[in-house]
Structures are given as C-alpha cells and as structure tokens.
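1. Model the structure of this input:
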Amino acid sequence: MGPREGAEVTGTTTRRPAVRRWLVVVAVAAAAAGGVLGVWADWTYPNPVYGVQIILLGGTGLMAVLGVLLRNLGPIGRAFAVSSVALLVGSVGGLVLSPPAVIDASGTMTLRVDRPEPVVVSGAALCEVHTLTDELSVQGNLGDAPPDMPGPIYVYLAAEDVVDDDLTVRADGLTLSIRFENFDTDVGGAEVGATRDSSLELRRDGPSGTLRFAELRSTGGTSGPTWLKNPALEGTVEWRCASE
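-> The predicted structure follows:
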C-alpha cells in the first residue's frame with residue numbers, strides 16, 4: 001500500500017514554518033545581544049578614541065560577511081548568517097540609540113565662606129554626571145574675590161562610588177578642593193581640601209546641588225588669603241548646571 005496522498009506536502013509545509021520560527025528566534029536573540037554589547041561599549045568607553053566601538057563594529061561586521069558567504073551550507077549556515085547579520089544590526093542600534101553615558105552640563109557656582117570671615121565669590125561651573133553610576137564631578141572657575149585676592153579661585157568637587165578600602169578616600173566618596181592662584185607672586189597660591197575627618201554634607205538635584213563643608217585641611221601652597229588657610233574654614237559651595 002503506497003503513501004497517502006498529500007502526506008509529503010503536509011510534512012514539508014509543517015517543517016518550513018518551524019524552521020522560519022526558529023530562525024526568527026535566533027535573529028531576535030542575536031539582535032538583542034548586539035544591542036546589549038553596543039550599549040555596554042558606549043557606556044563603558046564613551047570616548048571613541050579608545051576604539052572599543054570600532055572593534056565591536058569590525059568584529060560583528062566580519063561575522064556578518066562570513067555568515068552571508070556560508071548561508072548556503074544547510075540549516076546551520078542559514079542560522080549563522082541570520083544571527084551574524086542580526087548581531088551587527090543590534091550592535092549598531094545599541095551604539096546609536098544608547099542613552100548617553102556621560103551628561104555634560106554648564107552653569108554657575110558660588111562659594112560662600114561663613115567662617116572665619118564672610119566671603120562670597122561666583123563664577124562659571126562645568127558639571128559631569130555619569131548616568132550608569134550617578135557619579136558627579138563639578139569644576140568651578142570663580143572670579144577674583146575681595147581686594148586682598150589678586151587671583152581667581154578654582155573649586156573641584158566630586159561624588160563617586162567607593163569600590164575599595166583605600167584609606168585615602170572618604171567612605172562617602174566625596175571630594176572637595178579649593179585652590180587659590182596668586183599670579184602676582186611665584187609661590188603658586190594655596191589650596192585646601194577635604195580629608196576623611198572633614199565635615200561634608202551634600203544635597204543634589206541632578207547635576208546641581210549644594211555642598212556644606214567644614215574642617216578642611218591645607219594641601220599645598222603658602223601664598224593666599226588668610227581665610228583660606230584658616231583651619232576653622234566653614235562654608236557652602238552651591239552650583240546650578242543645565243544639561244547641554
């Protein structure tokens with residue numbers, strides 16, 4: 001007794017949709033993996049000079065070319081071709097569409113000293129926020145302050161993750177330094193900064209915020225205003241930045 005009429009056709013039509021579904025699953029998984037790799041490369045190494053993005057695109061591009069050349073080598077060849085092309089497309093999409101790893105912002109900064117004597121000086125600020133870790137760094141280039149200060153003040157502060165037990169790093173990950181540049185002498189000004197024993201209180205609003213400080217310590221230089229070198233120095237750094 002011969003095979004029933006239509007049996008072979010039914011098996012073929014059943015097999016082909018199953019193969020197509022399997023290839024679609026492989027393509028989607030490869031594209032998703034490529035997207036994750038693209039975002040990871042863009043966030044981990046946001047500067048293209050490091051070449052990670054180029055290496056990723058070059059590697060996935062070579063795989064896509066090889067997959068196209070091997071596409072006729074049966075099911076495995078077709079699966080490799082589809083997945084390699086999808087991986088390349090996903091990598092490009094991850095690099096292009098990924099949220100920015102670093103948000104740069106500009107604005108203003110004001111340094112207010114309460115003790116040992118009232119001082120207020122303001123100027124420009126540059127803010128940098130790392131979106132993955134929410135780390136913040138701010139640089140302030142403040143103008144000349146009272147008459148006894150012939151040079152500008154530079155303020156640097158940062159809020160970073162603490163990933164080790166380095167005794168030179170504060171447990172809260174905060175950094176603050178205030179530097180005075182005296183351009184009328186060869187001494188180079190003076191600088192104070194926060195140590196592990198200093199009092200720092202940070203309040204943030206995105207890239208903006210306020211940092212209350214006390215008990216800073218001298219970290220270099222001898223030529224500067226008396227209030228900057230006073231161990232009783234207390235005050236506030238306030239900055240307002242808007243994303244560019």
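
2. quick one: the helices in this protein?
-> 7-44, 52-69, 74-97, 226-229 (DSSP state H).

3. Using JSON lines, lay out these together with mean neighbour count and mean pLDDT.
-> Where you see a C-beta, it was placed from the backbone N, CA and C, and this is true even at glycine. JSON lines is the format used below for the helices of the chain (neighbours: other Cβ atoms under 10 Å; pLDDT from 0 to 100):
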{"stretch": "helix 7-44", "mean neighbour count": "15", "mean pLDDT": "68"}
{"stretch": "helix 52-69", "mean neighbour count": "16", "mean pLDDT": "78"}
{"stretch": "helix 74-97", "mean neighbour count": "19", "mean pLDDT": "77"}
{"stretch": "helix 226-229", "mean neighbour count": "17", "mean pLDDT": "72"}
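
4. Which positions within stretch 132-148 qualify as buried?
-> Neighbour-count burial for stretch 132-148 flags 136-140, 142, 145 (criterion: 16 or more other Cβ atoms under 10 Å).

5. circling back: just so I know, which of the helices of the chain lies nearest residue 214?
-> Nearest of those to residue 214, taken as Cβ to Cβ: helix 226-229 at 13.5 Å.

6. Could you pull up phi and psi at the residue nearest to residue 230 when sequence neighbours are not counted?
-> In space, and not counting its chain neighbours, residue 230 is closest to residue 116: 4.6 Å by Cβ to Cβ, 6 or more residues apart in numbering. Backbone torsions of residue 116, given as degrees, to the nearest 10, read phi -80, psi -10.

7. what's the neighbour count on residue 116?
-> Neighbour count for residue 116, taken as other Cβ atoms under 10 Å: 15.

8. Next, work out how far apart it and residue 60 are.
-> 61 Å (Cβ to Cβ, to the nearest Å).

9. Name every strand pairing with the top strand by length along the chain and say which way it goes.
-> When the chain is scanned for its longest strand (criterion: DSSP state E), the result is strand 102-115. Using DSSP bridges, the strands paired with strand 102-115 in its sheet are strand 119-130 (antiparallel), strand 234-243 (antiparallel).

10. How about it, which residues are buried there?
-> So strand 102-115, judged by 16+ other Cβ under 10 Å, has buried residues 103, 105, 107-113.

11. which residues touch it?
-> 46, 119-131, 138, 140, 142, 153, 155, 178, 207-208, 227, 230, 232-244 (Cβ atoms under 8 Å, 6 or more residues apart in numbering).

12. Using PyMOL, make a named selection holding only the buried ones among those residues.
-> In PyMOL, this line selects whichever of the contacts of strand 102-115 come out buried by 16+ other Cβ under 10 Å:
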select buried, resi 46+119+121+122+123+125+126+127+128+129+130+138+140+142+153+155+178+207+208+227+230+233+234+235+237+238+239+240+241
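
13. circling back: hmm, which of the buried residues of strand 102-115 is lowest in pLDDT?
-> On pLDDT alone, residue 103 ranks lowest of these, at 76.

14. and that residue, bridged to which residues?
-> residue 129.

15. correct me, but residue 161 touches residue 173?
-> Yes - at 5.9 Å, residue 161 and residue 173 qualify as touching, with contact defined as Cβ atoms under 8 Å.

16. Those two: which is more packed in?
-> Each of residue 161 and residue 173 has its neighbours counted (other Cβ under 10 Å); residue 173 has more, 15 against 9.

17. And the more buried one, how far from residue 129?
-> For residue 173, the distance to residue 129 equals 14 Å [Cβ to Cβ].

18. Need the nearest residue in space to residue 236, chain neighbours excluded.
-> residue 112 (4.8 Å).

19. how close does residue 37 sit to residue 93?
-> Taking Cβ to Cβ, one finds residue 37 at 11 Å from residue 93.
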